[in-house]
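S.K.: here's a sequence, model it:
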Amino acid sequence: MGQVYGDKFAKVYNIMWGNFAENVAPVLLEFYRNRCNISNKYILDLCCGTGQLAKYFLKEDYYVIGIDLSEGMLYYAQENNREFIEEGKARFIKADACNFTIDEEVGLVVSTYDAINHIKDIESLRNCFISVYRALIESGYFIFDLNTRFGLKNSWNSLNFIDRGNIVLLNRGIYDEENNVAVTRITGFIQNEDELYERFDEVVYNIGYDLNEVKSLLEESGFRDVYFAKLRDLGNPILEPEKEYRVFTVAKK
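M.R.: Have a look, this model is predicted:
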């Protein structure tokens, strides 16, 4: 099972962190169009968050199924894509990324912004990969990013204060190298419609998975041509992915 976030945190996420998905979406779509040569126009956005990545694909005339376990995230995903839901081109459902089924067969499954790092253990990760494999058409692709253990170790031991007027955040991150897990406690205040501030607290876990083990789990689930790449060069494997801060995993069914 992945993490479940509160409603206030989902509101903050929608305002502050949806830009990651907006930045990677064009690259993922270009890879899908130019390299995969697949006509299937159904996309599964796994751990869809507040729906910014889905919106990009929807504007490009794709159909999107979004899955998330957090009702707050799904609320904003639906609000951000209301017109496409009404047109029957999008739907967002509450489901566990580690155990789901969908009616459609999709050509591409994407999961972005550390979502797979939030899956709690190896067995849950294996179940996630099996569920994704079932959802894909033959020769379909699964692409997701991961924070590496190197990246977590060198960037997660930090303290950050953010003041944007309507949102105030204090982020405290610690990386537990022995257990390969980064823990970030986010405490903050967000302004509501009455111009009053509401407090929220959230703890975010990032598991530092061994990339060789991730690759093996994907292959055991049936995937082939599994490799790790940089976002701007998704077609070419990285020789030493464990030395990167973040990698994108590309797996073909």
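
S.K.: use CA for all of it now, contacts and neighbours both
M.R.: Fine.

S.K.: can you classify the closest residue to P26 other than its chain neighbours as helix, strand or coil?
M.R.: Nearest residue to P26, sequence neighbours excluded (C-alpha to C-alpha, 6 or more residues apart in numbering): Y56, at 7.7 Å. State at Y56, reduced to three classes by DSSP: H, G, I helix; E, B strand; the rest coil: helix.

S.K.: L46 versus Y56, what's the distance?
M.R.: Distance of Y56 to L46, computed by C-alpha to C-alpha, to the nearest Å: 15 Å.

S.K.: higher neighbour count, those two?
M.R.: L46 (25 against 19; other C-alpha atoms under 10 Å).

S.K.: quick one: the more buried one and F20, what's the gap?
M.R.: 15 Å.

S.K.: just the strands in the chain please.
M.R.: For the chain, the strands defined by DSSP state E occupy 42-46, 63-68, 90-94, 106-111, 136-147, 158-163, 167-176, 181-191, 197-207, 224-229, 246-252.

S.K.: dump the ones you listed to TSV, plus distance to L28 and mean pLDDT.
M.R.: Formatted as TSV, those follow (distance: least, C-alpha to C-alpha, whole Å; pLDDT from 0 to 100):
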stretch	distance to L28	mean pLDDT
strand 42-46	11	97
strand 63-68	14	98
strand 90-94	18	97
strand 106-111	8	96
strand 136-147	8	96
strand 158-163	30	86
strand 167-176	29	90
strand 181-191	27	90
strand 197-207	23	90
strand 224-229	12	96
strand 246-252	10	97
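
S.K.: dump those strands to a markdown table, plus distance to K8.
M.R.: Below are those laid out as a markdown table (distance: least, C-alpha to C-alpha, whole Å):
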| stretch | distance to K8 |
| --- | --- |
| strand 42-46 | 21 |
| strand 63-68 | 16 |
| strand 90-94 | 18 |
| strand 106-111 | 22 |
| strand 136-147 | 25 |
| strand 158-163 | 16 |
| strand 167-176 | 11 |
| strand 181-191 | 8 |
| strand 197-207 | 6 |
| strand 224-229 | 34 |
| strand 246-252 | 27 |
